[in-house]
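1. build the 3D model from these lines:
(one chain, ligands or ions: 1)
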Amino acid sequence: MPSLEITPLPGASFGAIGRLSFSDASVTTFIERHRKDPQPLRDMLNEASGLLVLRGFGKVSAQPSLLVQLSYLFGSEVENYHDTLTSKRFFHEKIPQILVLSNLPPCNHAPPPIPHPPLTDTGELPVRYPHRHGWHTDQSYRRPPPDVSLLCAVECSPTDQGQTLFADTTAAYETLAPTMQRRIQDLQGIHAPSWIGRSQEAVRAGETPKRTLAHQLPQRHPLVRVHPDTGRRALYLCEGNQMDFVDGPIQGLESGIDGEGARLLHELIHHATAPQFTYVHEWTVGDLLVGDNRCLLHAPTWYDTDQHARLMWRTTVMGNAGDRYRGEAKSWISTTGLQPMEGMGDV
Ligand SMILES: [Fe+2]
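-> Model (predicted):
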């Protein structure tokens with residue numbers, strides 16, 4: 001059994017929280033203990049509907065290679081951002097498997113804007129789409145898409161800023177009306193990176209889609225994915241900046257920002273981000289979040305970049321996307337090696 005005691009995540013209908021009992025070497029010990037048989041940890045993630053909040057991993061910030069070792073406990077492959085031609089400023093200078101999310105140079109990543117209005121009618125942080133924007137699942141514009149993301153807090157903004165929001169899309173799917181479940185069962189979403197001119201915003205602004213190479217093309221995924229470990233069905237979709245509103249967002253339905261596909265997408269995201277399916281994570285230095293992209297949505301929130309430094313490290317874990325993707329070549333690998341991906345993608 002994992003050397004980790006977990007309990008249900010307070011403030012959420014899904015997820016689990018745990019803390020390591022610490023000695024100086026405990027993260028290393030934890031990794032060593034589970035490296036030979038990581039399955040109990042993966043089972044723990046599955047039983048928590050895809051979200052583990054692990055506290056007390058501050059040692060990772062002094063030894064970032066530990067984050068990569070931890071990532072391998074949740075899948076067979078960990079992305080190397082150097083190999084995927086991500087801009088250098090967006091990944092760790094010594095550990096290229098770590099994506100850097102920070103307002104500090106050289107990353108200089110800006111947080112999303114404050115929602116309008118800033119609070120809900122009841123004075124709470126807006127979470128539900130479309131009051132809240134930015135809901136996505138990591139790198140869904142790839143085939144096969146990644147399985148799991150790990151996020152580690154190295155420097156945090158104060159409480160009430162810079163949160164990460166999560167939504168349980170398994171529960172969201174299971175609570176859809178049967179007629180809606182049948183309607184979407186065989187539909188596919190068309191996912192696209194935000195920087196190729198196919199997003200909702202780009203189409204609304206009248207931009208001409210950028211010419212893309214083969215490894216940058218939009219990718220199709222089922223709106224309802226079957227989790228390869230649990231067999232449970234979950235909604236798999238993103239908001240407007242990570243879907244293709246030129247040919248989609250949903251294959252076979254009227255395309256464009258006002259088409260039937262867009263209306264269906266908005267309805268499903270509004271449903272999936274209802275309070276009963278969501279969780280707001282307030283970060284503490286040393287938090288390590290393990291989130292399953294196959295059955296969760298997540299969204300970042302604003303923080304005051306003039307007043308606070310924030311530094312998060314992310315890894316993406318691959319290798320178990322499901323039967324539908326088995327044997328496929330990775331869509332995002334350039335065969336020419338000449339053209340970097342633009343932008344850093346979803347965060
Ligand atoms: Fe993300």
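
2. mind listing what's buried along the longest helix belonging to the chain?
-> As assigned by DSSP state H, the longest helix anywhere in the chain is helix 260-272. Buried residues in helix 260-272, counting neighbours by 16 or more other Cβ atoms under 10 Å, are found at 261, 262, 264, 265, 266, 268, 269, 271, 272. All C-beta spots, glycine's among them, are computed from the backbone N, C-alpha and C.

3. do stretch 13-21 as well
-> Those would be 14, 15, 16, 17, 18, 20, for stretch 13-21 by 16+ other Cβ under 10 Å.

4. and the longest helix of the chain, how far out from the chain's middle?
-> Remark: helix 260-272 is offset 19 Å from the chain centroid, using Cα atoms, centre = their mean, to the nearest Å.

5. which strands or helices does it pack on?
-> helix 169-174, helix 178-184 (3 or more Cβ pairs under 8 Å, 6 or more residues apart in numbering; DSSP states H and E).

6. how does it look with 6 Å?
-> Here helix 260-272 touches helix 169-174, going by 3 or more Cβ pairs under 6 Å, 6 or more residues apart in numbering; DSSP states H and E.

7. pull the helix it packs on out as PDB, backbone CA atoms only.
-> Extracted C-alpha coordinates of helix 169-174, given in PDB (Å, rounded to 0.1, in the frame of the first residue of the first chain):
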ATOM      1  CA  THR A 169     -16.200  15.500 -15.900                       C
ATOM      2  CA  THR A 170     -17.000  11.900 -15.000                       C
ATOM      3  CA  ALA A 171     -19.700  13.100 -12.600                       C
ATOM      4  CA  ALA A 172     -20.700  15.800 -15.100                       C
ATOM      5  CA  TYR A 173     -21.300  13.100 -17.800                       C
ATOM      6  CA  GLU A 174     -23.100  10.800 -15.500                       C
END
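
8. mind listing what the closest residue to the ion within the stretch 51-200 of the chain touches?
-> Here the stretch 51-200 of the chain gets closest to the ion at one residue, residue 138, 4.5 Å apart by Cβ to the ion. Taking Cβ atoms under 6 Å, 6 or more residues apart in numbering, we find residue 138 in contact with 146, 149, 293, 316, 346.

9. how close does the third one sit to the ion?
-> This points to residue 293. 8 Å (Cβ to the ion, to the nearest Å).

10. just to check, that residue is in contact with residue 137?
-> Yes: if you go by Cβ atoms under 6 Å, residue 293 and residue 137 touch, sitting 4.5 Å apart.

11. contact residues of the stretch 101-250 of the chain facing the ion?
-> residue 138 (Cβ under 5 Å from the ion).

12. could you pull out the strands for the stretch 201-347 of the chain?
-> 219-222, 224-226, 233-235, 278-281, 288-292, 296-300, 311-318 (DSSP state E, counting those that start in this stretch).

13. I'd like those as a markdown table, with distance to residue 42 and mean neighbour count appended.
-> Output for the strands of the stretch 201-347 of the chain, formatted as a markdown table (distance: least, Cβ to Cβ, whole Å; neighbours: other Cβ atoms under 10 Å):
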| stretch | distance to residue 42 | mean neighbour count |
| --- | --- | --- |
| strand 219-222 | 22 | 19 |
| strand 224-226 | 17 | 20 |
| strand 233-235 | 16 | 24 |
| strand 278-281 | 20 | 22 |
| strand 288-292 | 10 | 25 |
| strand 296-300 | 15 | 24 |
| strand 311-318 | 10 | 23 |
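
14. identify whichever of these lies nearest to residue 91.
-> Checking the strands of the stretch 201-347 of the chain against residue 91 by Cβ to Cβ gives strand 311-318 as the closest, at 9.5 Å.

15. run through who's touching the closest one.
-> With Cβ under 6 Å, 6+ apart as the criterion, strand 311-318 contacts 67, 71, 74-75, 77-79, 97-99, 101-102, 138, 146-155.

16. which among those residues end up buried?
-> 67, 71, 74-75, 78-79, 97-99, 101-102, 138, 146-155.
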